[in-house]
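>>> Give the three-dimensional model of this entry:
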Amino acid sequence: MAFGDLKTEKGIKELNSFLEDKSYISGYQLSQADLDTFSQVSKAPGANLPHALRWYNHVKSYSAEELKSLGITGASPLKSATTTTASANDDDDVDLFASDEEEDAEAAKVREERLKAYAEKKSKKPELIAKSSIVLDVKPWDDETDMKELEKVTRSIEMDGLVWGASKLMPVGYGINKLQIMCVVEDAKVSVDELVEEIEKFEDFVQSVDIAAFNKI
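Below you'll find the model as predicted:
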């Protein structure tokens with residue numbers, strides 16, 4: 001998917017329009033396409049481009065460990081290439097097998113400081129956050145149910161660790177459509193059962209909610 005030059009306002013506006021009803025550049029979860037597109041964006045989109053900004057912040061939140069769990073290779077958006085290179089050079093500079101006999105007092109001091117900095121850096125390694133990508137089937141009562149309002153009340157549910165994604169209407173039969181909507185949740189913060197219960201509380205619109213797909217990411 002080409003959006004033109006993403007370092008220009010025109011390119012970012014095209015990206016924002018594309019993401020209006022999508023959570024990712026391709027498919028229902030983060031992919032290499034998102035990282036490739038992210039690398040072309042020079043800075044965070046403005047608040048007047050909410051869809052592009054939401055996507056930008058979501059992609060930026062992934063650590064290297066999370067990318068690896070998705071089978072995506074490459075540097076994490078959390079770190080620039082310059083920072084990554086500098087970190088690698090810092091690691092290479094730590095000589096754990098230097099001979100004490102060859103070190104003078106100043107060299108020993110420098111080595112001690114580098115070892116301390118290296119240990120501190122390792123201890124601050126970000127914790128891997130377990131997430132799941134879920135597709136929900138939200139079923140109305142009949143063909144007279146206002147599906148736009150049904151989607152509106154569904155998306156009105158806010159939880160820490162919950163991000164709503166793309167949606168579409170799927171025919172069920174007899175002129176009735178169901179709402180199929182995707183979301184990403186942090187497993188430690190959001191209970192799927194609780195989320196389903198919250199949606200089903202909108203009894204004027206919702207008959208039932210089923211889980212159509214559930215994938216760990």
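>>> Any figure for the gap between residue 201 and residue 7?
45 Å (CB to CB, to the nearest Å). For glycine as for every other residue, the C-beta is placed from the backbone atoms N, C-alpha and C.
>>> Which residue ranges make up the domains of this protein?
For the chain, the domain assignment from automatic domain parsing gives the residue ranges 9-68, 81-123, 131-216.
>>> okay, those domains in JSON lines with mean neighbour count next?
What follows is these, written out as JSON lines (neighbours: other CB atoms under 10 Å):
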{"stretch": "domain 9-68", "mean neighbour count": "17"}
{"stretch": "domain 81-123", "mean neighbour count": "10"}
{"stretch": "domain 131-216", "mean neighbour count": "15"}
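>>> Take the ones you listed and write them to CSV, including distance to residue 3 and mean pLDDT.
Putting these into CSV (distance: least, CB to CB, whole Å; pLDDT from 0 to 100) gives the following:
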stretch, distance to residue 3, mean pLDDT
domain 9-68, 4, 86
domain 81-123, 22, 60
domain 131-216, 17, 95
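>>> now the helices for this structure?
In the chain, the segments counted as helices under DSSP state H are 9-18, 32-38, 50-60, 64-69, 81-93, 105-123, 147-155, 192-200.
>>> okay, which residue is most central for this structure?
Centroid-nearest residue in the chain: residue 58, 3.9 Å away (criterion: CA atoms, centre = their mean).
>>> Show me the beta-bridge partners of the residue lying closest to that one once chain neighbours are set aside.
What sits nearest to residue 58 in space, not counting adjacent residues and going by CB to CB, 6 or more residues apart in numbering, is residue 163, at 6.5 Å. With DSSP bridges as the criterion, the beta-bridge partners of residue 163 are residue 184.
>>> just to revisit the earlier point, could you dump the helices of the chain to JSON lines with distance to residue 139?
Supplementary listing: the helices of the chain in JSON lines, determined by distance: least, CB to CB, whole Å:
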{"stretch": "helix 9-18", "distance to residue 139": "29"}
{"stretch": "helix 32-38", "distance to residue 139": "31"}
{"stretch": "helix 50-60", "distance to residue 139": "27"}
{"stretch": "helix 64-69", "distance to residue 139": "32"}
{"stretch": "helix 81-93", "distance to residue 139": "47"}
{"stretch": "helix 105-123", "distance to residue 139": "49"}
{"stretch": "helix 147-155", "distance to residue 139": "9"}
{"stretch": "helix 192-200", "distance to residue 139": "10"}
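>>> and of those helices, who's closest to residue 213?
Taking CB to CB as the measure, the helices of the chain were each checked against residue 213, and helix 192-200 came out nearest at 11.9 Å.
>>> what sits against the closest residue to residue 23 other than its chain neighbours?
What sits nearest to residue 23 in space, not counting adjacent residues and going by CB to CB, 6+ apart, is residue 165, at 3.2 Å. Contacts here follow CB atoms under 8 Å, 6 or more residues apart in numbering; on that basis residue 165 touches 22, 23, 24, 28, 181, 182, 183, 184.
>>> Likewise for residue 140?
For residue 140, the residues meeting the contact criterion (CB under 8 Å, 6+ apart) are 147, 150, 176, 177, 178, 179, 205, 206, 207.
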